[in-house]
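1. No sequence on hand, only this structure:
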C-alpha cells in the first residue's frame with residue numbers, strides 16, 4: 001500500500017499542534033470565570049441544573065465537569081485537560097471528516113488553523129465551555145452538510161448525530177443555540193424549496209421534522225431556565241461597548257484571540273493581512289466569474305454567512321433584551337465554521353505561496369502568544385496568595401467579600417470555610433453564586449455579621465472599601481494585612497485578617 005505524503009504531513013501537523021496546545025495548560029491558577037466552573041463542578045447534577053438556571057449559560061459543560069469531578073476529584077488540571085482534548089479533536093476533525101468531505105488540502109488547512117491560530121492556544125486550557133462548544137457546533141455543521149450532500153439516501157446515522165450535536169450545542173452555550181437554530185433553519189428552508197419544486201413530500205423533510213421535534217422536546221425542560229436567565233440579563237449585564245476597543249477586539253479575535261496576549265499593533269497587523277488578502281481574492285473572483293465553481297461559492301458564502309448571522313443574532317437579541325450580549329469570546333462557539341471558511345476559501349482560491357506565508361505568520365504569532373501564556377501561567381507569583389492563605393487560615397475562619405470578583409477565586413480554593421457575600425452593588429447573583437459552595441451565605445447588609453464570631457478574612461480591593469464599611473459598623477482589631485499581584489489574568493488579592501471586639 002502506497003503511503004500518501006500529504007496524509008503523513010497532515011498527521012505531523014496534528015501531532016505537533018496537539019503538543020503545541022499542551023505546553024501552557026499544566027497549572028492550577030484560576031480567574032473568576034474558571035473559579036465558577038470549578039465551584040459548580042462540586043455540586044450534584046440536580047444542583048447544577050438549579051444553580052445554572054440562574055447563571056448566564058446552559059449546563060451541559062458543567063455536567064461534564066461534574067462527571068470528571070466524580071472520577072478525578074476536584075482536579076483543576078483534569079478540567080483543563082478536557083478543554084485541551086476538545087481543541088485537539090477539532091484539529092483531528094480536519095483529517096477524519098473535512099479531508100474526506102472536501103479534499104486533502106482543505107483538511108490540512110482546517111487542522112492547521114484549528115491547532116495553530118493563537119485564539120485556540122489561549123482557550124485550549126481554559127476551564128470554560130468554549131472549546132467544547134466549538135467542537136459540538138463544528139460536528140453539527142459537518143453532519144448537516146453530509147445530510148445535504150447525500151440527499152435521496154436514507155441517512156439514519158447522520159440524522160441521529162446531527163440531532164445529538166445540535167442539541168449539545170444548544171445545551172452548552174446560547175451562541176451555540178443560535179448556530180443550531182440557523183443551521184436547522186437553513187436545512188428547513190432548503191427542503192421547503194425542494195418540495196415546492198417537486199410538489200411532493202420528500203424523505204428529508206420527514207427526517208428533519210422528526211429530528212426537530214425530538215430536539216425541541218428534549219430542550220423544553222431548559223426553556224423555563226432560559227426565560228429566567230433572560231429576565232435576569234435584561235435587568236443588567238456586565239458586557240460593555242467601548243469604541244474603538246470593542247471593534248478591534250471583534251476584528252482581531254478570530255485570528256489572535258484579541259489583544260490580551262499579543263501587542264495590539266501586531267494583532268491588528270496580522271488580522272489585517274489575512275482579511276486584506278481575503279478581500280483581494282473576492283475582488284479577483286468577481287473579475288473571473290465565469291471560471292468560478294458555483295457549488296464552491298455557495299459553500300464559501302454559507303460558512304461565512306453562518307458566522308456573521310450569529311453576530312447579527314446577538315445584535316438582535318441585545319435590542320430585545322435591552323442590554324449588550326455581544327461579546328467576542330462568545331464567538332468561539334462558531335469558530336469552527338470560520339476555520340472551515342478560511343481553509344476552504346484559501347485552498348480553492350488562494351495562491352500557494354501566499355497561503356504558506358499566512359501559515360508561517362500564524363505560527364510566529366502563535367509562538368509569541370504561547371510564550372506570553374507560559375510566562376503568565378507559570379509565574380511564581382500566581383501561587384503566593386494561596387500559599388499564604390493556606391499557611392495562615394484556620395478551619396473556622398470566615399471569609400467575607402463585597403462585589404469583588406477575585407475574592408471568589410479564593411473561595412473556590414478554600415470551599416470548606418464559611419463565606420459571606422454582601423451584594424452591595426445589587427448584582428442579584430446570590431442564587432447563581434451558590435456554585436461556590438453550600439457554606440456561602442448572602443447577606444443584605446453588614447448588620448448580618450453581628451452573630452459572626454472569631455477571625456474574619458476580609459477579601460477586599462486595594463481601596464479598602466469593605467474594610468472601611470466594617471469599621472464603621474463594628475469595633476475591630478486588624479491582625480494582619482497583605483496584598484498580592486499575580487501574572488495570571490492580572491489578578492490582585494488583598495487580605496485583611498480581623499477580629500471583632
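-> Done, it's in. Predicted model only: the values in this text are computed from it and were never measured. Residues are numbered from 1 along each chain as shown.

2. Any stretches of this structure with poor pLDDT?
-> Residue ranges of the chain with pLDDT under 70: 1-2, 231-240, 288-292.

3. hey, where'd the strands end up in it?
-> Here the chain has its strands, by DSSP state E, at 398-401, 419-422, 440-443, 455-460, 476-485, 492-500.

4. can you list those in JSON lines and add mean neighbour count and distance to residue 388?
-> For glycine as for every other residue, the C-beta is placed from the backbone atoms N, C-alpha and C. Below are the strands of the chain laid out as JSON lines (neighbours: other CB atoms under 10 Å; distance: least, CB to CB, whole Å):
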{"stretch": "strand 398-401", "mean neighbour count": "22", "distance to residue 388": "14"}
{"stretch": "strand 419-422", "mean neighbour count": "22", "distance to residue 388": "18"}
{"stretch": "strand 440-443", "mean neighbour count": "16", "distance to residue 388": "22"}
{"stretch": "strand 455-460", "mean neighbour count": "23", "distance to residue 388": "11"}
{"stretch": "strand 476-485", "mean neighbour count": "13", "distance to residue 388": "6"}
{"stretch": "strand 492-500", "mean neighbour count": "19", "distance to residue 388": "7"}
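
5. For the residue nearest to residue 211 when sequence neighbours are not counted, give me its contacts.
-> Spatial nearest neighbour of residue 211, chain neighbours left out: residue 163 (4.5 Å); criterion: CB to CB, 6 or more residues apart in numbering. Counting by CB atoms under 8 Å, 6 or more residues apart in numbering, residue 163 touches 211, 214, 215.

6. gap between the second one and residue 166?
-> For residue 214, the distance to residue 166 equals 10 Å [CB to CB, to the nearest Å].

7. which one of those two has more residues nearby?
-> residue 166 (29 against 16; other CB atoms under 10 Å).

8. Could I get the contacting residues of the more buried one?
-> 140, 180, 183, 184, 211, 215.

9. let's see 10 Å
-> The contact partners of residue 166, by CB atoms under 10 Å, 6 or more residues apart in numbering, come to 136-137, 139-141, 143-144, 176-177, 179-181, 183-184, 211-212, 214-215, 219.

10. Kindly write the ChimeraX command that selects the buried subset of those.
-> To isolate the buried members of the contacts of residue 166 in ChimeraX, using 16 or more other CB atoms under 10 Å:
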select :136,137,139,140,141,143,144,176,177,179,180,181,183,184,211,214,215,219
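
11. For residue 256, give its distance to residue 362.
-> In this view, residue 256 and residue 362 are 10 Å apart by CB to CB.

12. which residues do the two both contact?
-> With CB under 10 Å, 6+ apart, residue 256 and residue 362 have common neighbours 117, 118, 270.

13. between these, which is nearest residue 461?
-> Within the shared contacts of residue 256 and residue 362, the smallest distance to residue 461 is 31.2 Å, found for residue 118 (CB to CB).

14. who's in contact with the nearest residue to that closest one once chain neighbours are set aside?
-> Among residues not flanking residue 118 along the chain, residue 369 sits closest, at 3.9 Å (CB to CB, 6+ apart). By CB under 10 Å, 6+ apart, the contact list for residue 369 reads 24, 117-122, 256-257, 260-262, 266-267.

15. And residue 480, by the same measure?
-> Taking CB under 10 Å, 6+ apart, we find residue 480 in contact with 388, 392, 457, 495, 496, 497, 498.

16. bridging residues for it?
-> Counting by DSSP bridges, residue 480 forms beta bridges with residue 497.

17. for this structure, what's the longest helix?
-> Among the elements of the chain assigned as helix by DSSP state H, the one spanning the most residues is helix 203-234.

18. Show me which residues of that one are buried.
-> Residues of helix 203-234 classed as buried: 204-205, 207-208, 211, 214-215, 219, 222, 225, 229, 232-233 (neighbour count, 16+ other CB under 10 Å).

19. Of those residues, just say which sits nearest to residue 421.
-> Nearest to residue 421, judged by CB to CB, of those is residue 232 at 16.8 Å.

20. count of neighbours near residue 243?
-> 7.

21. give the contact list for residue 58.
-> Contacts for residue 58 (CB under 10 Å, 6+ apart) come out as 49, 52, 129, 133, 168-174, 176-177, 219, 222, 225-226, 229.

22. Without its sequence neighbours, what residue ends up closest to residue 161?
-> Spatially, and ignoring its direct neighbours in sequence, residue 161 is nearest to residue 143 (4.7 Å; CB to CB, 6+ apart).

23. if we can go back for a sec, show me which of the contacts of residue 369 are buried.
-> Buried members of those, scored by 16+ other CB under 10 Å, are 24, 117-122, 256-257, 261-262, 266-267.

24. how close does residue 302 sit to residue 493?
-> To residue 493, residue 302 is 48 Å away according to CB to CB.

25. Residue 122 against residue 261, yeah?
-> Yes: because the distance of 6.1 Å satisfies CB atoms under 10 Å, residue 122 is recorded as touching residue 261.

26. Identify the contacts common to these two.
-> Joint contacts of residue 122 and residue 261 (CB under 10 Å, 6+ apart) are 24, 369, 370, 372, 373.

27. now, which of these lie within helices?
-> Within these, residues falling in helices by DSSP H are 369, 370, 372, 373.
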